[in-house]
Each structure stands twice: as C-alpha cells, then as structure tokens.
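Chemist: Turn this into a structure:
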Amino acid sequence: MNDGTIALPWLVVRQDDNGNRYRVGRYATRAEAQKIADTLDGRGHKQLYWVEKIGQNGRGPAD
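Modeler: Below you'll find the predicted structure:
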C-alpha cells in the first residue's frame, strides 16, 4: 500500500442505470464518505451511491 491508501481508505462509489461503477472519491473516515454519498444520493438521480473500504491489497471495487 502507498501512503494515500492508508490515509484515504474509504471510497464513495456510484453505479449508473446501466450498471457501470465509478469511484467518486476517497475519504479519511467512513462518516465523511457517508456524508458525501448521502448528499449525492439525495439529489434524486437514478444513480446509486454507497461507501466501501479499500481492501488490504489497496484496490477498491472500481479499480
């Protein structure tokens, strides 16, 4: 792992209506990431947003 992975282990992930997944951002705390996901989700678009922790191999779901 590099220093960025250690400092920002939480991802916000977006899935569009075609099933494509994108990493929206990386955050230091789960609470911070969840706040962003909730804000984006509250905009009323068809996309889904959720929070995941980067695995020990340094990769997340959208890599």
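Chemist: which one is residue 28 nearest to, not counting chain neighbours?
Modeler: Spatial nearest neighbour of residue 28, excluding adjacent residues (Cβ to Cβ, 6 or more residues apart in numbering): residue 8 at 5.7 Å. C-beta: built from backbone N, CA, C; applies to glycine.
Chemist: Relative to residue 53, how far out is the one you found?
Modeler: For residue 8, the distance to residue 53 (Cβ to Cβ, to the nearest Å) stands at 11 Å.
Chemist: More neighbours: which of those two?
Modeler: In this view residue 8 and residue 53 are compared by other Cβ atoms under 10 Å, and residue 8 has more residues nearby, 16 against 11.
Chemist: Report the buried residues of stretch 7-25.
Modeler: Residues 8, 9, 10, 11, 12, 13, 14, 15, 24 are the ones in stretch 7-25 that count as buried (16 or more other Cβ atoms under 10 Å).
Chemist: Which parts of the protein are helices?
Modeler: For the chain, helices defined by DSSP state H occupy the ranges 3-7, 30-41.
Chemist: thinking again about what came up before, how about TSV for the buried residues of stretch 7-25, with pLDDT and distance to residue 43 added?
Modeler: Below are these laid out as TSV (pLDDT from 0 to 100; distance: Cβ to Cβ, whole Å):
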residue	pLDDT	distance to residue 43
8	95	23
9	95	25
10	97	20
11	97	19
12	97	13
13	96	16
14	95	11
15	94	15
24	95	12
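Chemist: Mind telling me which residue is nearest the centre of the protein?
Modeler: The centroid of the chain falls nearest to residue 12 when counting by Cα atoms, centre = their mean (1.5 Å).
Chemist: Distance of the residue nearest to it when sequence neighbours are not counted relative to residue 55?
Modeler: Closest residue to residue 12 apart from its sequence neighbours, by Cβ to Cβ, 6+ apart: residue 24 at 4.2 Å. Distance from residue 24 to residue 55, counting by Cβ to Cβ: 18 Å.
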